[in-house]
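In: this is the structure alone, sequence omitted:
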């Protein structure tokens, strides 16, 4: 480890590793640090991604694809099923990842591109010069040292501190986060579709999911909106579901986590500092999906860092491009999702059932979520009204 | 003023850290540390997926 780099990336999840890889490929001197001793572990994720989103960043590899799914099924509170997101061309619309292997592969890509990687290394604060961020305090095996860099990337996840240290308020209100619990279960029929169960019985203000990880294994989990959650409720409701609907299931792994569902926050950059991924609260407020958004943001952040280096200017004058570009792309989709999330929160289980019934006789099986929502709006004009106000 | 973390229950996911309005919590590696700036607002207690936090 040197005492000066062009870029220091804090956190080796998808957002951090893609940022580090992009910067290193652009010839920048990069340090990628991870506080855990193992990259990718413990997992805090349901591991579902769309094939198209993933392919923008990395060639799909069977080493980290646990299962391929045909599409999605949304299940209304009364059991009505809506099949969607099927890919006509390939029969494989999405993947369930093995995050432990996937995250490590992404970090390895960054390393191959030239980034230095340090595990069991935690950022404990920022260094400043003339009001701008210009380094971090890093703790490695109990020793604290100062490392300088022109730009610091906060890719430090849901528990992000980097933004707060840099004067960016990333605190989520209870309504901005899903409290999640998940089991990797075996001895079940996983099926060929990702499943999303809606309704207050399963997950108040969220949903319950099943993502196949193989023929007889799946990630079964749920997220409860923070404002509707009580102490330990996520795990309690998950246990209840498993006991009732898959009593034969064996639990091989327990996963817990908080998923940002705030929609775009006000600020994700300041002089010498960018936030990416969950640290920037960039997960989708409706689905909770964060991997592809994190990778998209990491790519943009890396490209902007390269430009800043060329200009020799690490202030918001050049870093503003990061804000502009992610907001115009993933930010736009997040805002649309937030509107739908807020609308669905107002619906009773009966209203959700009626929405599902309104699709009877329609073939939506090839549609993506935004296209499906458009059909719902046409069939349910009142929903359009809700979305506008 | 403080909140107690049951380390035997905690899954060190960091959800509590993300919602703490005064930044009193930090996920170090596999454990949560609580600073004395905690106001006992109780938000983290409700967010924790496994119920590992309680106000003393």
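Out: Received the coordinates, thanks. Predicted, not measured: the structure shown is a model, and the values here were computed from it.
In: give me the distance between the closest residue to residue A:218 other than its chain neighbours and residue A:83.
Out: Leaving aside its sequence neighbours, residue A:218 sits nearest to residue A:190 (C-beta to C-beta, 6 or more residues apart in numbering or on different chains; 4.3 Å). (Glycine included, C-beta is placed from N, CA and C.) Note on residue A:190: its distance to residue A:83, by C-beta to C-beta, to the nearest Å, is 16 Å.
In: comparing the two, which residue is more hemmed in?
Out: Each of residue A:190 and residue A:83 has its neighbours counted (other C-beta atoms under 10 Å in any protein chain shown); residue A:190 has more, 23 against 17.
In: that one: what secondary structure?
Out: Three-state call for residue A:190 (DSSP: H, G, I helix; E, B strand; the rest coil): coil.
In: that one touches residue A:216, doesn't it?
Out: Yes - using C-beta atoms under 8 Å, residue A:190 makes contact with residue A:216 at a distance of 6.2 Å.
In: so where's chain A shaky on pLDDT?
Out: By pLDDT under 70, the weakly predicted segments of chain A are A:88-91, A:384, A:386-389.
In: how about the residue positioned nearest the centre of it: what's its closest non-neighbour residue?
Out: The residue lying closest to the centre of chain A (C-alpha atoms, centre = their mean) is residue A:290, at 1.6 Å. Leaving aside its chain neighbours, residue A:290 sits nearest to residue A:283 (3.2 Å; criterion: C-beta to C-beta, 6+ apart).
In: residue contacts, that neighbour?
Out: Residue A:283 sits next to A:259-261, A:289-290, A:293-294 when contact means C-beta atoms under 8 Å, 6 or more residues apart in numbering or on different chains.
In: turn those into CSV, including secondary structure.
Out: Below are the contacts of residue A:283 laid out as CSV (three-state DSSP):
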residue, secondary structure
A:259, strand
A:260, strand
A:261, coil
A:289, coil
A:290, coil
A:293, helix
A:294, helix
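In: nearest to residue B:10 among those?
Out: Closest approach to residue B:10 among these (C-beta to C-beta): residue A:259, at 17.8 Å.
In: follow-up on the earlier one: got the phi and psi for the residue nearest to residue A:290?
Out: The phi/psi pair for residue A:283 (degrees, to the nearest 10) reads phi -70, psi 160.
In: re the thing from before, residues contacting the residue nearest to residue A:218?
Out: Here residue A:190 is in contact with A:67, A:210, A:212-218 (C-beta under 8 Å, 6+ apart).
In: ok so, going back, now do the residue nearest to residue A:290 against chain B, distance only.
Out: 12 Å (C-beta to the nearest C-beta, to the nearest Å).
In: now residue A:204
Out: With C-beta to the nearest C-beta as the criterion, residue A:204 and chain B are 12 Å apart.
In: that residue: neighbour count?
Out: Residue A:204 sits with 18 neighbouring residues when counted by other C-beta under 10 Å.
In: show me the helices in chain A, by range?
Out: A:14-25, A:51-55, A:99-112, A:162-165, A:233-245, A:291-311, A:316-326, A:332-346, A:349-357, A:369-379, A:381-388 (DSSP state H).
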